[in-house]
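> A structural model of the following input is requested.
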Amino acid sequence: MWLDDEVKGKILHKLTRAGKFEHSHTAVENLQKGFPKDMIGEVKDMVNNLKKEGILIVKPTSYGEQVSINLDLKEKVLEYIKLFLDKKD
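Residues are numbered from 1 along each chain as shown. Next up is the predicted model:
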C-alpha cells in the first residue's frame with residue numbers, strides 16, 4: 001500500500017533522474033509510467049496535488065500539458081523523494 005507522499009516521491013524521483021527542472025519539460029502522461037495499472041488514478045490525483053502545491057510547473061502546449069520541477073521548492077521535493085526511497089529499502 002502506497003501513501004500519497006510516497007507516490008509523489010516516486011513521481012518527483014522520476015523527474016529528477018530525467019533532469020526535468022524549470023525549462024526541461026515532459027508530458028503529464030509520462031508520469032504514470034512505471035506504476036501498477038490499478039494506481040493510475042491515484043497517480044493522476046497526486047500529479048494534480050503537486051501542481052496545486054506549486055512543486056510542478058505547468059507548461060500548456062498545442063500537443064498537451066507538459067510539467068517540470070520548480071527548483072524554488074527543492075527542499076519539499078527532496079522530502080518527498082526521501083519518503084519514496086525509504087519505502088524502497
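> for the residue most central in space within the chain, give me the pLDDT.
Nearest residue to the geometric centre of the chain (CA atoms, centre = their mean): residue 11, 3.3 Å. If you check residue 11, the pLDDT there is 97.
> tell me the pLDDT at the residue lying closest to it once chain neighbours are set aside?
In space, and not counting its chain neighbours, residue 11 is closest to residue 31: 5.3 Å by CB to CB, 6 or more residues apart in numbering. Just so you know, the C-beta spots here come from the backbone N, C-alpha and C atoms, and that holds for glycine as well. Here the pLDDT value assigned to residue 31 is 95.
> how about the strands in this structure?
For the chain, applying DSSP state E gives strands covering 26-27, 56-61, 64-69.
> okay, the ones you listed, which one's buried deepest?
strand 64-69 (a mean of 18; mean count of other CB atoms under 10 Å).
> so which elements touch it?
Under the contact criterion of 3 or more CB pairs under 8 Å, 6 or more residues apart in numbering; DSSP states H and E, strand 64-69 touches helix 4-17, strand 26-27, strand 56-61.
> rebuild those as TSV, extending it with distance to residue 75.
Converted to TSV, those look like this (distance: least, CB to CB, whole Å):
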stretch	distance to residue 75
helix 4-17	12
strand 26-27	22
strand 56-61	15
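> for those, which one sits closest to residue 45?
Among the helices and strands packed on strand 64-69, helix 4-17 comes nearest to residue 45, with 8.1 Å by CB to CB.
> which ones are touching residue 57?
22, 67-70 (CB atoms under 8 Å, 6 or more residues apart in numbering).
> then residue 64?
Residue 64 neighbours (CB under 8 Å, 6+ apart): 27-29.
> below-threshold pLDDT in this protein: ranges please.
89 (pLDDT under 70).
> using the centroid of it, identify the residue furthest from it.
residue 62 (21.4 Å).
> for it, give its distance to residue 54.
24 Å (CB to CB, to the nearest Å).
> next: residue 64.
Distance from residue 64 to residue 54, by CB to CB: 21 Å.
> and what of residue 81?
17 Å.
> more neighbours, the two?
residue 81 (20 against 11; other CB atoms under 10 Å).
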